[in-house]
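Asks: sequence first, then the predicted structure:
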Amino acid sequence: MRQLLLFVSIILVGLLFISRLFYLQIYSSHKHNLFEDNAIRKVYDYPKRGFVYDRNGELLVANQPSYDVMVIPREVEPLDTMEFCSLLKIDKEQFLKTFHRARRYSPRLPSVFLSHLSKGDYAALQEKMRKFEGFYIQKRSLRHYQTTIGANVLGDIGEVNHKDIKENPYYRMGDLKGKQGVEASYEDILRGVKGIKFIQKDRFNRNIGPYKGGEFDTIPEQGKDITITIDAKLQAYGELLMQNKRGGVIAIEPSSGDILAMVAAPSYDPNLLVGRERSKNFSKLFLDSISKPLFNRSLKGVYEPGSPFKLMNALIGLQEGVITPTDAVTCYAGYKYGNRFMKCHCYPGRRNNLISGIQESCNAYFATTYRKILDKEGNASTGIDTWSKHAKSFGLGNYLNNDLFVGAKGRIPNRNYYKHVYPKTFYSTYTISNAIGQGEVATTPIQLANMIAAIANRGHYFTPHIIKSIEGDSIPEKFIKPKYTSIDKDHFEPVIEGMLQVYKRGTAASLQVKDIDICGKTGTVENFAIIDSLKTQLTDHSIFVAFAPKDNPKIALAVFVENGYWGSRFAGKIASLLIEKHIKGHITRKDLEEWILRHSLENEYAKPYSGEPFRINQGTTLQYVDESEYKRLKRQLSALQNP
Amino acid sequence: MIRETSYKFDWITIILFLLIVGFGWVNILSASHTGGGMDYFSLSNSYGKQLVFIIFTFIIIILLLAIDAKFYERFSSVIYMLSILSLLGLFLFGKNVNGATSWYAIGGMTLQPSEFAKAATALAVAKQISDLNTNINNFRDQIQTFIIIILPALLVLLQNDTGSTIVYGAFFFVLYREGLPKYYLTIGISVIVISVLALKFGPAIASVIVGILILGYYVISKKKITLLQSLFAIALAIGLSFAVKFFYQSVLPPHQQDRISLWLRLEKDPAKLEAMKKTFAYNLNESEKAIRSGGFNGKGFMEGTRTTGKFVPEQHTDYIFSTVGEEWGFLGCALVVILFVLLLLRILHLAELQKSQFSRVYGYGVASIIFIHFLINIGMVMGLIPTIGIPLPLFSYGGSGLWAFTILIFIFIKLDSNRINEW
C-alpha cells in the first residue's frame, strides 16, 4: 500500500494541472484578438479627409492638424499628476473626472483624454510623453473652412459617440465623423480608411518592433475630394439677402438637378463647429429654440405652399382635360361654395382664363379648377386620389430620396388621409383650400423648387442633389436619370405663359429684370402659432417660386420668407436678385438689393414672444435695420463682389 | 560488460527525457529570442547557451553510463560529503545572484552546487536506508536519516534559496515508502491543513473546524483513540493554529507574507489587489495572462505576443511553462504535463522492479525530487501554489539544473540496467 502514495499523488497532480489548464485556456479564455491584446500597441494613421470644392472649383473645406491626448486606463502607471496637469493646463479635479470617465467607458480601449491641443502645448508635451505610461498623442485632422457660408450645406465633423461605435466598429473612441450636411452624407467618401500599425511592446511599454514584421498593418487610404453643386458666390449672396429674415431658399439647375444654392436663415459660421469649441458652440446653437439656427429650413421646413401650388392644379386640370387654356371663370372677388365664401383680390366680375388666372393668382379660378378635377367622374373620392397621384409625380408629399442629410415628407393628401375627418360623404368643397395651396397640402422649399424645375423642364426633373463629382468616381445614377411627371409636355406651355405674365403684368410686375424672361409665381400663406395655448394668426409667409430664362432655363428656385407678408414683398425680390445674379453675374436691380438689405423682419419674429397683443399683415410696419447693421451688410456685399 | 548491458538501458525513460529536453529548448528559444537572425551556438544568448549545455549533457550521459553501477553505491558517502563541502564553500566563495548566494563563478560560467546536492543526497539516503543495520522504524535511525536530509537543506536555506530547501521535503515520499510510521503522514497532512485553515479563516475558526473533525472521528471510529488523546490532539491543533498565525505575521519576511496572502486570496480590497498585480504579483499575473491568452491551440511557435514582448519576467527559467501556454496552448501544456507524469510513473515503476534496495530507494528519490519540482513549478506558474522559485526540471533554462537532473536520472538508468546482475 505504501507504494501508492507517490503514485496516486503524481496522477492527482497531473489531473489537477490539466483541469486548471482547461479552466485557464478553454473555459475562461477568449479568442485572441489583436485589438484587445495589450502587448500590441495599435497606432492609427488617419488619412487626409477629402476636400470640398464648389461647382466652380473654389475650395470650401480643407484640413488642419490637431492633436489629441489619448488614454488607455488599464495601462496607466502611477505618474506625477502635478506635472502632467500643468503640461495639459488642466486642474487635478478635471484630471480625475476625465480619467474616471475613460475607465468607465473601457479600461482597455483608448479614450480621448484631452482633445485638440494647441501646437505649443503639443510640442511641450511630446517631449515628455514617454514618462506617462498609458497616455499617448494621436494626430488627427480637423476641418478648416475657407469660407463663412454654407454651414447648413457643408455640415461639420465631430467626435463619434457610443452609438456610432456600436453601429460601425470601424470607429474608435475619439474618431471624427461627419455629423451634418455633406460631411455626413459623404462621410464614407471623404473619410478614407485609416491605417493601422501593430507594434510589439515589451513590459516597459517600449516599442520593440512591428508585430509579425508588419504583416497585419494597413496603410491609410486617403479620403476623396468632392465637388458639390453649390455655387459659392450665389450661396453667399443668398445668405446675405436672407440676413435678418427667417426662411429658406433653394435654387436648382433644372437641366441637371444640381442644387445651386441652399440657404437656411438664420445660419451660422461653420468655423464655430471646429475643434475644442465645437461642443460649446453646438449647444449654444442647439439650445436657441427661437431662431433655431441648426434647423435647416430649406430642407426640413414644412410650409403650406400657397399660391405656387395653383400651378400644380392648373397642370392637373389640363392633363385631366377638365379645363382648357381659354376657358374663363368669372371672379366675384371671391368664390362662393354652398353658403361659404373664399375671398379673392380680383375686382368683382373679372373674367379669368388660365393665363390671367395665374397672372392675378385668382382664387376663384383655381377653386373652380380644383372642383372640376375632383368631380370629373362625379366622385370626389376617386377624384382626389387622381389629383394626389399627379401632384406626387412631381416629388411632392414624400422624401426626395436625395443625398442631403435631412429632409421632410411634406404632405399631399389623398382620400385615405381624410378618412377620419370625413368617413362617409366626401365632396370636392370639403378640401377646397387645397386649390390655393393651403389646407392640407404642405411642402418644403426644396420640394417646391423641384416642382418648379419640373415645370421649367416641361415635364421631368432630376432628383435635386448636392454632389457634382467625386474624385475618381462617378455620382449615383439616380441623380443622372430624369424622372417624368404624369403631365404631358404640351400642357406646360400655357402654365409657363401664365408664369411669364406674372412678371410681365401680374403680381410680380415690379420685379422684372431687364433681358431676362422670368417665369414666377407669388405666394402669400396664412400661418398660425400657438401662443399661451391660443391659436393665433401671424403675419403671412412671403413665398415666391420662379425659373429663368423661359427657354433653356438655367435656374429654378423657391424662396420662403417667414412672416414676410405677401409674395413679392420679400420673397419675390430675393428671387429676382438671385436669378439676375446667377444669369448675369451682376445686379442691375440695385433698388431691390438695397430694399432687401435695408429691411429686417426681426420685429415680426419677436411678436409672439412679446407677451402682448400684436397686429399682423396690414397692421404691421416695416422695420429698417439700424445703420451699423446696414454698413456691415454693405461691407459683406462689397467683399462678395471684390473677393 | 557495457556491451552486455547497453541494450538494457530503459529506452522509454531516455526517450521521455529527450522529448522534455527538446521541447524545453524550443520554448527557451521562443522566450529568449530577441528578434533578428538566429545564432544557435552563440554564447551571448540564452538559447545558444542552453544548446551548448544540452550537447554537454550527452557527454555527461556517456560518462555516467560508462561508470560501473557499483561505483555509485560504494562512493555515495564520498559524493555526499563532497557535495556538502561544495555547499559550505559557497559561504566563502559564493556569488550572489538575485539575493541567493548559491553560485560559483568559474570563468564566464556559473555553477549551482545546490542542484547537484539533491542527487548526492538521494544517493546518501539510498545508501543509509539500504544499509542492513538501518531500521527506519527505529527512532535513532530515523534521526540519522533526517540529518542526512536536513544538512544540505539547511545550508541551502542559509544561502537564501528557500525554493531548493522545500525540495528536500521530497524525501518524505522515500522514507514513507520504506516504512516510516504512518503517523508521520497523518501529522504532515494535519499540519498543512491546519496551517492553511488558520491563515485563510483565522486561528479561532480553524481551531473550531479541527476540533469538530477530531471529536467526530473519536465518535465515529468507535473510540479507536481515547478521549484524552483526542483532547490532546485538539489542544495541539489550537496551539498550532495560533503559532502559524504568529509565524506568518511576525516571523515570515514580508515578501513571503505577500506571496501567501496572494495565494490564499486574503486581500479583498480591489485597489490593493490592483497594486499587487503591479508589484510582487506581477510575474504571476503576467504568466497567468500569457497562459490564458494561448487558448486551445496557442498562438504558434514564436508567435506569442506576450512572450515576444517579454511581459513575463524570468520567462525562460522559472516561468518557461507560460511560454508553452501562450504559444502551444492547452494542447502543448497538456502534452508537457503528460510527458512529466509518464516519466515519473516510469521511474516509479522501474524503482519498484529493483532487486537491490539501494537502487529502489534511489529511484524513489529521483521520482520524488522531480515530482516536487514539477508540482511546485507548474503549480506556481498557474497560480495554484504560492510563488516559490524553482525551475521546471530539464525544461527551464540553466546548465546546473539540466546537468543535475541528467545526473539524477542517468545514475538511476545505469542502476536499473544493472539490476540483472544484482543478486
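Replies: Looks like it came in fine.
Asks: got the contact list for the nearest residue to B:F358 once chain neighbours are set aside?
Replies: Counting by Cβ to Cβ, 6 or more residues apart in numbering or on different chains, the nearest residue to B:F358 once its immediate chain neighbours are dropped is B:S130, at 4.0 Å. C-beta coordinates here come from the backbone N, C-alpha and C atoms, glycine included. Counting by Cβ atoms under 8 Å, 6 or more residues apart in numbering or on different chains, B:S130 touches B:E73, B:S356, B:Q357, B:F358, B:V361.
Asks: in the chain, which helix is the longest?
Replies: No chain specified, so I'll use chain A. What stands out as the longest helix in chain A, according to DSSP state H, is helix A:4-21.
Asks: um, chain B though
Replies: Ranked by residue count and defined by DSSP H, the top helix of chain B is helix B:320-353.
Asks: flag every buried residue along the longest helix of chain A.
Replies: By 16 or more other Cβ atoms under 10 Å in any protein chain shown, the buried positions in helix A:4-21 come out as A:L6, A:F7, A:S9, A:I10, A:V13, A:G14, A:L16, A:F17, A:I18, A:R20, A:L21.
Asks: tell me the residues of the stretch 101-250 of chain B that contact chain A?
Replies: Taking Cβ under 8 Å from any Cβ of the partner chain, the part of the stretch 101-250 of chain B that reaches chain A is made up of B:F173, B:Y176, B:R177, B:G179, B:L185.
Asks: tell me the confidence at A:P348?
Replies: Confidence at A:P348, expressed as pLDDT, is 87.
Asks: same deal with A:K31?
Replies: Per-residue confidence (pLDDT) for A:K31: 66.
Asks: up against chain A, what does the stretch 301-423 of chain B have?
Replies: Counting by Cβ under 8 Å from any Cβ, the stretch 301-423 of chain B sits next to chain A at B:303, B:305-306, B:308-311, B:313, B:325, B:329-330, B:333-334, B:337-338, B:340-341, B:344-345, B:348, B:352, B:364, B:367-368, B:371, B:374-375, B:378-379, B:382, B:384.
Asks: show me where the chain dips below the pLDDT cut-off.
Replies: Using chain A. Counting by pLDDT under 70, chain A contains low-confidence ranges at A:30-32, A:643.
Asks: if you could check chain B rather than the one you did, that'd help
Replies: B:1-7, B:35-37, B:223, B:421-423.
Asks: thinking again about what came up before, and the residues of the stretch 301-423 of chain B next to chain A, which of them are buried?
Replies: Applying a neighbour-count criterion of 16+ other Cβ under 10 Å, the buried members of those are B:305-306, B:308-311, B:325, B:329-330, B:333-334, B:337, B:340-341, B:344-345, B:348, B:364, B:367-368, B:371, B:374-375, B:378-379, B:382.
Asks: how far away is the residue nearest to B:F358 from A:S307?
Replies: Relative to A:S307, B:S130 is positioned 121 Å away (Cβ to Cβ, to the nearest Å).
Asks: one step back: compare the contacts of B:S130 and tell me which is most surrounded.
Replies: Each of the contacts of B:S130 was scored by neighbours using other Cβ atoms under 10 Å in any protein chain shown; the highest score is B:V361's, at 25 neighbours.
Asks: quick one, phi psi at it?
Replies: Its backbone dihedrals place B:V361 at phi -60, psi -40, with angles given as degrees, to the nearest 10.
Asks: residues contacting it?
Replies: By Cβ under 8 Å, 6+ apart, the residues touching B:V361 are B:V125, B:A126, B:I129, B:S130, B:V174, B:R177, B:E178.
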